[in-house]
Each structure stands twice: as structure tokens, then as C-alpha cells.
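1. After the sequence you'll find the predicted model.
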Amino acid sequence: MGIAPEPNADTDRNTSWQAEAPDAAFTLRPAHEYTDGKGETWRIPPGLKRALPFYLHKPWARLGRPLRLFEYMARNLGPISHYRLFNIHVVYLNDPSFVREVLINQAGSFVRERTIKRLKILLGEGLLTSDDPTHKRSRRIAAPAFHRQRIAAYAETMVESARAARDRWHEGQEIDIAATMMSLSLEIVARTLFATEVDADVRAINDETNAIMAIYNYLIAFPNLEAVLHWPIPGVTRFRKARARLDRVINRIIADTRALGEAKLSERTDLLALLLLARDEDGSELSDAQLRDEVITIFLAGYETTANALTWTMYLLTLNPEADRRMHAELREVLGEGAEARLPTLNDYTRLRYTTMVLAEGMRLYPPAWAMGRMNTEPIEIGGYRLPPGTHWYLSQYVLQRSPELYPDPLRFEPLRHTEEEKAKRDKFAYFPFGGGSRQCIGEGFAWMEMVLVLATVAQRWRMELIPGQTVDVEEKITLRPRYPIRVRLRER
Ligand code: HEM
């Protein structure tokens, strides 16, 4: 079964740059050693001969397309490779055992690196961007909202939101799955985690996030973005306006909730109530700035990611009718057929095994978090190499999860790669869409439940047909978005 994804993808992406054979003399430098001024010896993996900016004219090194660079390096330099960005060492790791080294075994020697720290201009010192000890405190405060029993209470709202969306559609209607899923998952996060109804203000979160994403790669290209943030540069001004509007919405939601008072808040089960009631060990509550940072982080981390996973999975199902049929057979078996059919519930979630594997395979090929970055604070040895503090390290779910060594015929969409038996044959870190270790995604349980219940509710009633002649390509922003709308026609089952 299975049709390779992106059959009609951007030809620029699929052929021209991948076909280019490396010019070894020009590009590649073997592993080497050097001793620095302090007498420390460093062993550097094989890599690019010159600093990265030297190659910017190459199709695999184009600005704003880091996945091409990672794919090029994995293919031509092996599982650990290196380049320099100005005077910084950058190491790209493409092997499950190295993922484990960074996320688990040597995790204590790493902090967030530059591109994550850059997110602070939007997210402040929230869970995603902070380092310890701020991070440990935030995680302790937010964790109860993501406990299994707590998430279970959200199931009904998730299904209800998906049902309302699917029941507004009509036979033959054309929709853009990406925009539709963004709007649905925003509504679900707002209702479940913030107990907020979705009004024009909450919709503005989506508009402002889209505005920020459109200019994000431009923004992070500034070597010293933090310093130019108040300058009247057009893109920067747009960013400032979008952020100010986001802040107004978030602060309004916080103020309205706080006004309910402690007694009412303690009856609520959502994350925002927990954050407002949280007290630190010394009895202090979160400041308004801290609340804003946590709320905006979870809003943004919580809706774009699941929306992208659902979008890409639905797209893959349009290309793989056999998997779609099999999934629908499971939905009929678990939820009944025709007039007897009922909506999925919390109890069905674990029974929808094939549906879950369809999503797992969707996230293998199109992981919403497409790469992760770290910086080491002390010398690190990995794979026989030794790198100095301040080195930047990258791992890419997108590239690793498409390795032919780990997944034979890697572009084939095959949900059965995710049975317990098949998973047991692979290294756990051959698949890491939610990261791992102490910074593993706090919303993983929430995301799985939402994605399975939404996909089941939508697919129970509708089949999607891809409208021919579209260009489909990825866009690696903070999450892996589709570069263009993905238009489908709805067919009632
Ligand atoms: C398919 C959906 C999702 C994917 C693929 C995903 C992926 C990830 C990954 C890879 C990380 C680790 C980043 C790193 O270590 O550098 C992460 C962290 C995080 N995620 Fe998710 N996520 C998803 C859904 C969610 C949801 C639904 C929420 C909240 C409602 C959420 C909130 C967070 C937060 C707060 C962090 C930071 C955790 C920490 O550093 O302690 N995510 N996510």
C-alpha cells in the first residue's frame, strides 16, 4: 500500500537541488583535530569546508530552507557533520543514538540555542524558551493541567468542536485543510485549556500568528534582532504590532479569568485557572508578565502543531485511498454505521488503533516540530568527536524519520510501521516528533487525544479528494507548515 507523498510537489524542491552531486574539493572537509590557545584539543566531525555563508548561492544552502541543508549533510557527510557559522561550530546529528545523547544521556550539558532563544521576542520566559531554574518551576506549575485524568475531561469538548465544524460543510464543498485545521485547533485549545469562548479576539490570535510567521525567517536573519526590535524597519514594525495585538488578547483573557475570584477559579479544571491559583514554594504567585509568557507559549505551542499534524495527515490520506478505506472500516467497527453511528468518546480513543497509526505515520513524514536545537555549556564528546562549549547542535525529526536505513522505502505512507511489534524493532529515538527527556513536549497526551478524536470525527462523515494541479510543499517556520493552501473537495461517506 502507499503512494509516496508530494507527487506533484514543487520541482525546485524535489529535483534540482537533490540531484546536485557534491563537489568534494569545493565543499567537503574530512574530520580533523585542532588545539586551541588554552591547550585544549578538539576533534571536529567531517563537514563543509568553508563557513556556511560561502555556500548561500547553492540550492541546498538557501536562506530559509534549513531542511535542505540538513538533508544534504546527512546524505553526503553521514550521521554527524559540521559547519561553521561565522566563528560558531555547528554540528548536525542524524542518528537515533546521538539523539539519545543530546536529549537524555548528556542533557545536563545543554541549554536552548540561538533560534529558540530568539523566540523569546514573542514568547518571553515561558516553558518553551526558558532554561533552568525558571523552566523547572514553570514545568512544575503547568504539569497538573496535562495529567491523564485532566486531559480526559477535555475529550468531549474536542469532539464537540470537530462535530460542529464537520456539520457546517456540504457535499462537494472545497476547503483549504490547513486553514480549517488551524481554526479548529485554536478553538479547542481556547476552550479546553483557557475555558474561553472563541470570539473575534481569539480568532485574532490566528491572524497575528500568521502575520508573524510570514516574516519570521526574515526576522531571525538579523544577527542582533533583540537590539533592532524598536527600530522603524517595516518587517519589524509589523512584528511589533502583531505582538502588541496578541498581548492585548492574552492579557484580556487573563484579566477576565482573574476577576472570577479564587473560589470560582478553584472549581475550574483548565490550565489558566491552575496558573492563576499556583503558588511557589515561598507562597508567591506568578507575576502578570510570567502569566502572559506561559499563556502565550501554550496557546501557540498547542494549536499550530496539532493543526499541522492533522493537515499533513489528511493530505496523505487523499493520496493513499487504501489507508483511508482501512481507517474508515475501523471507524465503522468502533463507532457503528449509518443511523447507528455515534460520535467518538474518550473510551473510543484507545480503541482507534489504526487511526492512531495513520497519525503517527503522518507525523513521521511531516513532523510539526521539524528540528530541535541545543547549545552545550561544557565540552561534549559524541561519536568519537569532541566539541567546545558554545557549539550549536541540531537534530531534525523530518530528516531522520525519512532515513532509508530506519524506514525502508521511506517516502511510502504505511501506518503499519507503527504497530507495537514494528516499533520494538527500531531504536526508540528513530521517531521523536515530541522530543524527549526533561524537555519532552508537555502537551503530548493532549495532542494525541485531540488529533485522534478530531480525525475520527471528521473522517467518520467526510472523505477528502485532493484538487488536482496544486503545488504542495513544506515551509519550515517554527512549525512545519504547508507553503501553500491544500485544497480538497469534500465527499460525504
Ligand atoms: C502534534 C503536536 C505537537 C508536537 C509535534 C509537539 C512537539 C514538541 C517538541 C518536539 C517539543 C520539544 C522541543 C525541544 O525540546 O526543543 C515540545 C515542547 C513543548 N510543547 Fe509540544 N508539541 C505538540 C503539541 C503540543 C500541545 C498540544 C501543547 C500544549 C497544549 C504543547 C506544548 C508544549 C510546551 C509548553 C513545550 C515546552 C516543554 C518544555 O520545554 O518543558 N505541545 N513540543
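-> Yes, it's here. Numbers count the residues shown, from 1 in each chain.
2. what ranges do the helices span in the stretch 251-400 of the chain?
-> Under the criterion DSSP state H, counting those that start in this stretch, the stretch 251-400 of the chain contains helices at 262-265, 271-277, 288-319, 321-335, 346-349, 353-365, 397-400.
3. Of those helices, which is nearest residue 62?
-> With CB to CB as the criterion, residue 62 lies closest to helix 397-400 of the helices of the stretch 251-400 of the chain, at 16.1 Å. Backbone N, C-alpha and C define where each C-beta goes, glycine included.
4. Determine how far that closest one lies from the middle of the whole chain.
-> 12 Å (CA atoms, centre = their mean, to the nearest Å).
5. Could you identify the helix or strand that succeeds it?
-> Where DSSP states H and E defines the elements, the next helix or strand beyond helix 397-400 is helix 420-424.
6. Now do that next one: which elements does it pack against?
-> Helix 420-424 sits against no helix or strand, with contacts defined as 3 or more CB pairs under 8 Å, 6 or more residues apart in numbering; DSSP states H and E.
7. Around the ligand, which positions in this protein sit nearby?
-> 127-128, 139, 189, 193, 297-298, 301-302, 305-306, 309, 368-369, 372, 433-435, 439, 441-443, 446-447 (CB under 6 Å from any ligand atom).
8. Spell out which residues sit in contact with the closest residue to the ligand within the stretch 251-400 of the chain, please.
-> Here the stretch 251-400 of the chain gets closest to the ligand at one residue, residue 302, 2.8 Å apart by CB to the nearest ligand atom. Applying CB atoms under 8 Å, 6 or more residues apart in numbering, we find residue 302 in contact with 185, 189, 193, 443, 446-447.
9. Now intersect those with the helices, please.
-> 185, 189, 193, 446-447 (DSSP state H).
10. Excluding chain neighbours, what is closest to the residue of the stretch 301-450 of the chain found nearest the ligand?
-> Closest to the ligand within the stretch 301-450 of the chain is residue 443: 2.2 Å, counting by CB to the nearest ligand atom. Excluding the flanking residues, the one nearest residue 443 by CB to CB, 6 or more residues apart in numbering is residue 302, at 5.5 Å.
11. nearest spatial neighbour of residue 104, skipping sequence neighbours?
-> The nearest residue in space to residue 104 (CB to CB, 6+ apart) is residue 437, at 4.8 Å.
12. How is this structure partitioned into domains?
-> With domains defined by automatic domain parsing, the chain comprises 1-112+372-408, 122-369+433-493.
13. Can you add mean pLDDT and give those back as TSV?
-> Converted to TSV, the domains of the chain look like this (pLDDT from 0 to 100):
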stretch	mean pLDDT
domain 1-112+372-408	86
domain 122-369+433-493	90
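14. Take these and write them to TSV, including distance to residue 425.
-> Converted to TSV, the domains of the chain look like this (distance: least, CB to CB, whole Å):
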stretch	distance to residue 425
domain 1-112+372-408	10
domain 122-369+433-493	15
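15. Of all those domains, which one is nearest residue 426?
-> Among the domains of the chain, domain 1-112+372-408 comes nearest to residue 426, with 6.3 Å by CB to CB.
16. gap between that closest one and the chain center?
-> When distances are taken as CA atoms, centre = their mean, domain 1-112+372-408 is centred 19 Å away from the chain's centroid.
17. What about residue 173, how many residues nearby?
-> 12 (other CB atoms under 10 Å).
18. For it, which non-adjacent residue is spatially closest?
-> With CB to CB, 6+ apart as the criterion, residue 173 has its nearest non-adjacent residue at 4.9 Å, and that residue is residue 490.
19. mind listing what residue 146 touches?
-> Here residue 146 is in contact with 271, 442-443, 445-446 (CB under 8 Å, 6+ apart).
20. Check residue 442 too.
-> Contacts of residue 442 (CB under 8 Å, 6+ apart): 127, 139, 142-143, 146.
21. Confirm residue 84 sits in a strand?
-> Yes: with DSSP: H, G, I helix; E, B strand; the rest coil as the criterion, residue 84 is part of a strand.
22. Isn't it up against residue 91?
-> No: using CB atoms under 8 Å, residue 84 makes no contact with residue 91, being 10.6 Å away.
23. out of the two, which sits in the busier spot?
-> Taking other CB under 10 Å, residue 84 and residue 91 do not tie; residue 91 has more neighbours (26 against 18).
24. What's opposite that one in the beta bridge?
-> residue 82, residue 393 (DSSP bridges).
25. Any figure for the gap between it and residue 118?
-> Residue 91 sits 19 Å away from residue 118, going by CB to CB, to the nearest Å.
26. Nearest residue to residue 285 in space, please, no chain neighbours.
-> residue 279 (5.9 Å).
27. actually residue 354, not the one I wrote
-> The shortest distance from residue 354 to any non-neighbouring residue, by CB to CB, 6+ apart, is to residue 330 (4.5 Å).
28. rewinding a little: and the residue nearest to residue 285, how many residues sit next to it?
-> Residue 279 has 10 neighbours, counted by other CB under 10 Å.
29. what residues are up against the spatially most central residue of the chain?
-> In the chain, the residue lying closest to the centroid (CA atoms, centre = their mean) is residue 369, at 2.6 Å. Counting by CB under 8 Å, 6+ apart, residue 369 touches 305, 397, 433-435, 441, 479-480.
30. got it, and residue 230?
-> residue 240.
31. ok, it to residue 208 distance?
-> Using CB to CB, one obtains 19 Å as the distance from residue 230 to residue 208.
32. go on, residue 239?
-> 10 Å.
33. neighbour-wise, which of these two wins?
-> Remark: of residue 239 and residue 208, residue 239 carries more neighbours, 23 against 20, as counted by other CB under 10 Å.
34. Name the helix or strand for that one, please.
-> Element membership of residue 239 [criterion: DSSP H and E] is helix 234-258.
35. List the contacts of that helix.
-> For helix 234-258, the surrounding residues in contact (CB under 8 Å, 6+ apart) are 121-122, 194-196, 201-202, 204-205, 208-209, 211-212, 215, 218-219, 228-230, 265, 272-273, 276, 288, 291-292, 295-296, 299.
36. mind running it again at 6 Å?
-> The contact list for helix 234-258, computed with CB atoms under 6 Å, 6 or more residues apart in numbering, reads 194, 196, 201, 204-205, 208, 211-212, 215, 218, 272, 276, 291-292, 295-296.
37. Report the buried members of these.
-> Buried residues within the contacts of helix 234-258, defined by neighbour count using 16 or more other CB atoms under 10 Å: 194, 196, 201, 205, 208, 211-212, 218, 272, 276, 291-292, 295-296.
38. Would you mind giving those as CSV with distance to residue 251 added?
-> Listed next are the buried ones among the contacts of helix 234-258 as CSV, based on distance: CB to CB, whole Å:
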residue, distance to residue 251
194, 13
196, 13
201, 11
205, 12
208, 14
211, 19
212, 17
218, 27
272, 12
276, 13
291, 9
292, 6
295, 9
296, 10
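39. Need the max-distance pair from the residues you listed.
-> Greatest spatial distance among the buried ones among the contacts of helix 234-258 (CB to CB): 218 and 276, at 36.0 Å.
40. ok, now which ones touch residue 453?
-> Residues in contact with residue 453 (CB under 6 Å, 6+ apart) are 158-159, 344.
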